[in-house]
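*Asks:* sharing a sequence plus its predicted fold:
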Amino acid sequence: MIREQAAYPPNYAIRLRGTHTETFRTRHNKTEKKTVVDFDIRVNMTHLLVCPNPIHATDTRPCDVPPIQPQTQEPPQEYSTPSCKYIKLLDPGEKGYRGTIIKSLNGSSDPEVSTSLTSWCNAYVSDPSTVKNFVLRRQIVHHDAERLKVLCQDLVHKTAYRGHTSITFETTYEKVVVCSPCFINKWRFSSILFWVFLVTFLWIFTWPILFYSTKRYEVVTAIFPYRLDPTQNRASRALVQSEHEFFEEWKQAITRAVLAQHQGWVDGIYREETTQMACSGNTMMTVQSTQNNLQGLVAGAVRVALGIPAATGWGADS
């Protein structure tokens, strides 16, 4: 089961959020401020973590052969092994939970436990402890998030947006926890009991008890490289698509979503619709404004012709 779960990458997305602050007066002539969300956009990037090697159509194990190289004039590639996802075990000299309550350097007297995933699974199953957890973590490496962030910030700036922009990368489902089938583990994941203990402040007493009674096995990490390891490869080529290529593919859709004050996911259908609009010459986009409590359009529709900066600014604090 652990190997099967390690074959699936975590959900990975870039999020662009723009806000501004509005100042208004209440009925009692008091000044108050509120934060207005101008746009909140998410673009899925999970597919960029899946190796395009044809062998994965029938075999979910990591590559033991290099992916097919594109027909370009790039210098010869030196591939590290493996070249896509792989499983990493806790090193003997690395602190971690090896069937212990707190992190340690070596929590087992059996020297074979740390040599393979199977031996760690057997150690977990044979552990006589009642409350125990086995954790698989999923980790993304070698993604130049800062470069993509700068490109997106520049794109938002070209729309003449004058608010506060936040660009983050969100990762979900990055951890899988296998719990022992005891009543304590069943209760600790009950949403009803969670809120009961939270409201009644019983968690102050139960949290230390749960912490010091749970044996933890956190020795396995599924690594998902965005690109080949730059320390072992002459040219650190992206596994699927480079940050610049991803940006070029989505920049028109993101521009449209920002100006349309979109709230939610921007998917492939939205991108195709944007491309069709550009091909048909439909480049008129409008921005809603609530500045000074006025609903409606900004004076003069904001005209954006495929990345050309807007004529007037919008989304500034008031």
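*Replies:* Great, that's in hand.

*Asks:* where do the strands sit along the stretch 51-200 of the chain?
*Replies:* With strands called from DSSP state E, counting those that start in this stretch, the stretch 51-200 of the chain shows them at 86-89, 97-100, 132-141, 164-172, 175-179.

*Asks:* between the ones you listed, which one is nearest to I41?
*Replies:* Of all the strands of the stretch 51-200 of the chain, strand 164-172 sits nearest to I41, with 9.7 Å by C-beta to C-beta. In this view, the C-beta of every residue, glycine as well, is placed from N, C-alpha and C.

*Asks:* quick one: buried residues of that closest one?
*Replies:* For strand 164-172, a neighbour-count test (16 or more other C-beta atoms under 10 Å) marks T165, I167, T171 as buried.

*Asks:* give me the contact list for that strand.
*Replies:* 10-20, 42, 45, 140, 143, 145, 149, 152-153, 156 (C-beta atoms under 8 Å, 6 or more residues apart in numbering).

*Asks:* ok, 6 Å please
*Replies:* 10-19, 145, 149, 152, 156 (C-beta atoms under 6 Å, 6 or more residues apart in numbering).

*Asks:* with stretch 23-36 instead?
*Replies:* Under C-beta under 6 Å, 6+ apart, the answer for stretch 23-36 is T19, H20, T21, E22, S318.

*Asks:* could you pull out the buried residues of the helix or strand harbouring the fourth one?
*Replies:* With secondary structure defined by DSSP states H and E, E22 is part of strand 11-25. Going by neighbour count (16+ other C-beta under 10 Å), the buried part of strand 11-25 is Y12, A13, I14, L16, R17, G18, T19, H20, E22.

*Asks:* how close does Y173 sit to A13?
*Replies:* The gap separating Y173 from A13 is 12 Å, by C-beta to C-beta, to the nearest Å.

*Asks:* which residues in the stretch 201-318 of the chain form helices?
*Replies:* 203-213, 243-259, 268-279 (DSSP state H, counting those that start in this stretch).

*Asks:* which of those is buried the deepest?
*Replies:* Ranked by average neighbour count under the criterion mean count of other C-beta atoms under 10 Å, the helices of the stretch 201-318 of the chain are headed by helix 243-259 at a mean of 20.

*Asks:* what packs against that helix?
*Replies:* Helices and strands touching helix 243-259, by 3 or more C-beta pairs under 6 Å, 6 or more residues apart in numbering; DSSP states H and E, are strand 31-44, helix 145-158, helix 268-279.

*Asks:* TSV for the ones you listed, including mean pLDDT and distance to R98?
*Replies:* Below are the helices and strands packed on helix 243-259 laid out as TSV (pLDDT from 0 to 100; distance: least, C-beta to C-beta, whole Å):
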stretch	mean pLDDT	distance to R98
strand 31-44	91	35
helix 145-158	94	31
helix 268-279	88	44
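
*Asks:* quick one: which of the ones you listed is nearest V240?
*Replies:* Closest among these, using C-beta to C-beta: strand 31-44, at 12.9 Å.

*Asks:* what angle separates the closest one from strand 164-172?
*Replies:* Strand 31-44 and strand 164-172 meet at an angle of 50 degrees, taking axes from the mean of the first three to the mean of the last three C-alpha atoms, to 10 degrees as the criterion.

*Asks:* what strands line up against strand 31-44, and which way round?
*Replies:* Partners of strand 31-44 in the sheet, by DSSP bridges, are strand 11-25 (antiparallel), strand 263-265 (parallel).

*Asks:* dump these into CSV; add mean pLDDT and distance to C121 as well.
*Replies:* What follows is those, written out as CSV (pLDDT from 0 to 100; distance: least, C-beta to C-beta, whole Å):
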stretch, mean pLDDT, distance to C121
strand 11-25, 91, 25
strand 263-265, 93, 37
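
*Asks:* good, wrapping up.
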